[in-house]
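Visitor: coordinates only, sequence not included:
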């Protein structure tokens, strides 16, 4: 079974990857770690190693509220099909 | 000159004369530089009874030991005086190139006293001062003023700090502008300069500014460079500066939207920093010697505002004229910021006054007739732009708003004051305090008033429980929606910001990115100057300045009851569409208690205790408070 | 004079002539000779025509890149046919390949990209600090000229021109090149401060000190500090056309 997961990029990643969003189709079950590896493999730049403070907002299918994920802390969390993950930079104000 | 110039310039406008004084050693050892020097000068020479727009106020310019060196972002300068807007401590800070040039001209501080008989601009070059007629620049906007002065002085390396027509018209939140758009915007320092009949201060310097121990200075600088280039924020700062906050705060649910009616803006994408960078940004721009150029130059190629180009904007302007006023058109926001720059006004105060008026219009407290026929419905960008011009020239309804949101509420009456989003008469920023409890506390206690830059407690975004416990004794201190530990967080970051403002370098670098810990700062100063600092002394200096500023505002009448936030943030929960911030209010009192405890200030009055003042060698000001 | 053989080396795009790899024509003395039954694209020919007599000449001058250049591209953006020009000894019929002498590498030069310059002046500051110990960039060997309203930031710094107009303009031979780095150096004893060099420089890179001597970049002896300090690589030190 394939899981369709949408990734939305904000901040630095959006400007480095030159795209706002893309969809990944991965074999279930998909862990957060699987997803991160898939993004890394496709887009390169080894973004996680460069940016350990990225913020991941995980919206499960149909949900209005997100839960926030951390990598690698939440690497084993399952991501279900229909989820949207929004990736932001750290939020230091200015 | 090793780091310090060791000279203070005192200008007497009434007599059109000047004297050069030695910088007192006490200043260096106890107040370090920049904002520290200015606050000490303000405390000693401008009593709280002084009329801020009268001849006895003093316009004080201060730079620090690192200004004009190779330290990244060593660009900054403080302009201070008694504030005509808040009737209390006035101080603002700008980047660009003015600060370094003042160091090369041989001064650590400039004090401008009295009032000129006719409108003038002042030119400082290598420890000499000349006074020039402002007849060619009177009433001109900030951009024109700089252009004409550079032409008259026949030198395009002159740095100009000028005021725009708004200051000349007495708008209380008019600022001082360097390099066209680098705004020392807050607390109305522009109005002070204009009240002295000074349109601009120009400076040019070619003197030698050196390091006492250049090899050691470069060794430490290499360490700093390494920390900067490897910082996780580095790439983001270069690509977006502060403009990333539109989407970031929107997601968090605390982006000021329609005057804080909610924390998410449905048009956030159209006015985001990402969209700005992808569509309008031409290249990056940076301050003096900065290796993290976080600013940008944009151009609008087509449409209604075709041809508009400028450096900027930053988050406060971008969001102030988009989400805060319900406008989903980025180009109109760029135009609004450009107008504020040219007229010389603070974008935060302007955007608050306008969004305040728009909320009153929505509720029905003011009508179209009150607003000179303007339709102030949310999202009406034409009205926003027109109102900016009216404010700058004090025309009609603009005059009602031109003295700040508190005075505007007084004039309008009808219980409108509860809609005025200010603290101690200074309007607050584009983030909703209900989503950022640490910032909420920082804004409530800041010496300038409703100001987030005195503290910048960005630690509360890190969500690192272990660091929270290690550094501030509570895991909650690392979470923006939690309360515990925030008092200590705010104290710490207030002192980091004070350090930055004294050295006079960028707070993004020192406070947010936490570059240059106190220990390394001491090493660097010891390599640069002829003085010797320890990390303990530097922390004490920072704490001393926060306390000195507190003492000044206490003398101006501030007590604990003024360390508060507008009612909406204390009582009304953020709506349900605000993501994780939904339902939040700010429970201020507990954080305030923790803050006072960590500062050793009296819980009831909010006044620094005698014990604390003595600990900080501020014995001589005890008599002013007790 | 050399004879020439102009050969199609590569067809990068699509040529509908078509020209084929291996097609060639020759230049023998004053004659163009196309092999029996073959043809030559007139668009490529007319665009390389001015170059051919230059390649025929047996000249060896300093700063002359013509002997080392062999390739030209046809002007069709969709064709991009690459031609190689071989120089041939008319007596021995040997193909002459001019190689750079041992140690005679193409010197690196200061390269500037105005469109990237942020105007921060870190370059001025580090240059001045390294050379004089002062952070004030007044006498730095690089200056940034700014037109703030336009967002223009223009680094003014020596580019180590091959046939340097400043050296030619100086009436007293006070300017000369460092033989290693090819940076332009100043013999201050000879200089009388006439400022002809400043006027001659096409990059506006010369300015004068208080004691009336020209300030010109010396490349820090081969490791320019400004290049290392620039955070956006508006300044690079290398060869244009190559990745530095």
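Guide: Arrived safely. As the structure is a computational prediction, the values presented were derived from the model and not from experiment.
Visitor: for chain C, give me its nearest residue in chain A.
Guide: For chain A, the residue closest to chain C is residue A:15, as judged by C-beta to the nearest C-beta, at 14.9 Å. Yep, even glycine has a C-beta here, placed from its N, CA and C like the rest.
Visitor: confirm that residue sits in a helix?
Guide: Yes. Following the definition DSSP: H, G, I helix; E, B strand; the rest coil, residue A:15 is counted among the residues of a helix.
Visitor: longest single helix anywhere in chain B?
Guide: Looking only at chain B and at elements set by DSSP state H, the helix with the highest residue count is helix B:535-555.
Visitor: next, the buried residues of it.
Guide: Of the residues in helix B:535-555, those scored as buried under the neighbour-count criterion (16 or more other C-beta atoms under 10 Å in any protein chain shown) are B:537-555.
Visitor: same thing with stretch C:145-154?
Guide: Under 16+ other C-beta under 10 Å, the buried positions of stretch C:145-154 are C:146, C:148, C:151, C:153-154.
Visitor: of those, closest to chain A?
Guide: The shortest approach to chain A among these belongs to residue C:151, at 19.5 Å (C-beta to the nearest C-beta).
Visitor: what's the burial count for residue B:53?
Guide: Counted with other C-beta atoms under 10 Å in any protein chain shown, residues neighbouring residue B:53 total 18.
Visitor: quick check: it vs chain C, distance?
Guide: Plainly put, residue B:53 is 30 Å away from chain C if you go by C-beta to the nearest C-beta, to the nearest Å.
Visitor: what do you get for residue B:181?
Guide: Note on residue B:181: its distance to chain C, by C-beta to the nearest C-beta, is 9 Å.
Visitor: check the secondary structure at the residue nearest the centre of chain A for me.
Guide: Compute the mean C-alpha point of chain A, and by C-alpha atoms, centre = their mean the closest residue is residue A:85, 4.7 Å away. Residue A:85 carries the three-state label strand when classified by three-state DSSP.
Visitor: report the next helix or strand after the lowest-mean-pLDDT helix or strand in chain B in sequence order.
Guide: Across the helices and strands of chain B, the lowest-confidence element by mean pLDDT, DSSP states H and E is helix B:234-240, at a mean of 91. Downstream of helix B:234-240, the first helix or strand assigned by DSSP states H and E is helix B:245-252.
Visitor: off-centre distance for that following helix?
Guide: 21 Å (C-alpha atoms, centre = their mean, to the nearest Å).
Visitor: likewise for stretch B:221-241?
Guide: The offset between the C-alpha centroid of stretch B:221-241 and the centroid of the whole chain comes to 22 Å, using C-alpha atoms, centre = their mean.
Visitor: what's the first-to-last distance across it?
Guide: With C-alpha to C-alpha, to the nearest Å as the measure, stretch B:221-241 spans 23 Å from end to end.
Visitor: and it, anywhere near chain A?
Guide: Yes. Stretch B:221-241 lies within reach of chain A by C-beta under 8 Å from any C-beta of the partner chain, at B:232-233, B:235-236, B:239-241.
Visitor: quick check: the gap between the closest residue to chain A within chain C and chain B.
Guide: When scored by C-beta to the nearest C-beta, chain C has residue C:232 as its residue closest to chain A, at 14.9 Å. In this structure, residue C:232 and chain B are 6 Å apart, going by C-beta to the nearest C-beta.
Visitor: so which strand or helix has the nearest residue in space to that residue that is not next to it in sequence?
Guide: Leaving aside its sequence neighbours, residue C:232 sits nearest to residue C:116 (C-beta to C-beta, 6 or more residues apart in numbering or on different chains; 4.8 Å). Following DSSP H and E, one finds residue C:116 outside all helices and strands.
Visitor: for residue C:116, give me its contacts.
Guide: Each residue near residue C:116 by C-beta atoms under 8 Å, 6 or more residues apart in numbering or on different chains is listed here: B:283-284, C:232-234.
Visitor: wait, which of those is closest to residue B:26?
Guide: For those, the residue nearest residue B:26 by C-beta to C-beta is residue B:284; the value is 40.9 Å.
Visitor: pull out the buried positions in the biggest helix by length in chain C.
Guide: The helix that spans the most residues within chain C, counting by DSSP H, is helix C:122-132. Across helix C:122-132, burial judged by 16+ other C-beta under 10 Å covers C:122-130.
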